[in-house]
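Participant: no sequence for this one, just the structure:
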(Lines give C-alpha, C1' and ligand atoms only; values in the text may rest on other atoms or scores of the structure.)
Protein backbone atom coordinates (compact mmCIF):
# COMPACT_ATOMS: atom_id res chain seq x y z
CA UNK A 1 0.00 0.00 0.00
CA UNK A 2 2.92 2.30 0.66
CA UNK A 3 4.07 1.78 -2.93
CA UNK A 4 0.66 2.86 -4.29
CA UNK A 5 0.55 6.01 -2.21
CA UNK A 6 4.06 7.01 -3.30
CA UNK A 7 3.10 6.35 -6.93
CA UNK A 8 0.04 8.57 -6.60
CA UNK A 9 2.16 11.34 -5.07
CA UNK A 10 4.45 11.28 -8.10
CA UNK A 11 1.52 11.63 -10.52
CA UNK A 12 -0.12 14.38 -8.48
CA UNK A 13 3.04 16.47 -8.75
CA UNK A 14 3.05 16.47 -12.55
CA UNK A 15 1.89 19.70 -14.15
CA UNK A 16 -0.36 18.36 -16.91
CA UNK A 17 -1.26 21.82 -18.19
CA UNK A 18 2.39 22.57 -18.97
CA UNK A 19 2.78 19.21 -20.71
CA UNK A 20 -0.32 19.88 -22.82
CA UNK A 21 0.88 23.37 -23.76
CA UNK A 22 4.33 22.12 -24.75
CA UNK A 23 2.75 19.31 -26.80
CA UNK A 24 0.54 21.76 -28.68
CA UNK A 25 3.50 24.08 -29.27
CA UNK A 26 5.56 21.19 -30.65
CA UNK A 27 2.69 20.17 -32.97
CA UNK A 28 2.43 23.71 -34.35
CA UNK A 29 6.20 24.08 -34.78
CA UNK A 30 6.47 20.73 -36.57
CA UNK A 31 3.43 21.39 -38.79
CA UNK A 32 5.02 24.37 -40.57
CA UNK A 33 7.97 22.56 -42.19
CA UNK A 34 5.76 19.52 -42.90
CA UNK A 35 3.36 21.67 -44.95
CA UNK A 36 6.23 23.28 -46.86
CA UNK A 37 7.79 19.87 -47.56
CA UNK A 38 4.48 18.43 -48.78
CA UNK A 39 3.85 21.40 -51.06
CA UNK A 40 7.37 21.16 -52.50
CA UNK A 41 7.12 17.38 -52.94
CA UNK A 42 3.82 17.63 -54.79
CA UNK A 43 5.06 20.50 -56.97
CA UNK A 44 2.58 22.92 -55.49
CA UNK A 45 2.70 26.69 -55.61
CA UNK A 46 4.82 27.83 -52.67
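Facilitator: Ah, there it is. These numbers were taken from a predicted model, which means no experiment stands behind them.

Participant: pLDDT of the longest helix along the chain, averaged?
Facilitator: The single longest helix within the chain, with elements called by DSSP state H, is helix 16-41. Mean per-residue pLDDT for helix 16-41: 95.

Participant: now swap in stretch 2-12 and tell me
Facilitator: The model assigns stretch 2-12 a mean pLDDT of 74.

Participant: List phi and psi for residue 9.
Facilitator: phi -70, psi -30 (degrees, to the nearest 10).

Participant: what about it, distance to residue 19?
Facilitator: 18 Å (Cβ to Cβ, to the nearest Å). Heads up, the C-betas are built off the backbone N, CA and C, glycines and all.

Participant: if we can go back for a sec, which positions in the longest helix of the chain come out as buried?
Facilitator: Within helix 16-41, no residue counts as buried by 16 or more other Cβ atoms under 10 Å.

Participant: where does it sit relative to the chain's centre, distance-wise?
Facilitator: Distance of helix 16-41 from the chain centroid (Cα atoms, centre = their mean, to the nearest Å) equals 8 Å.
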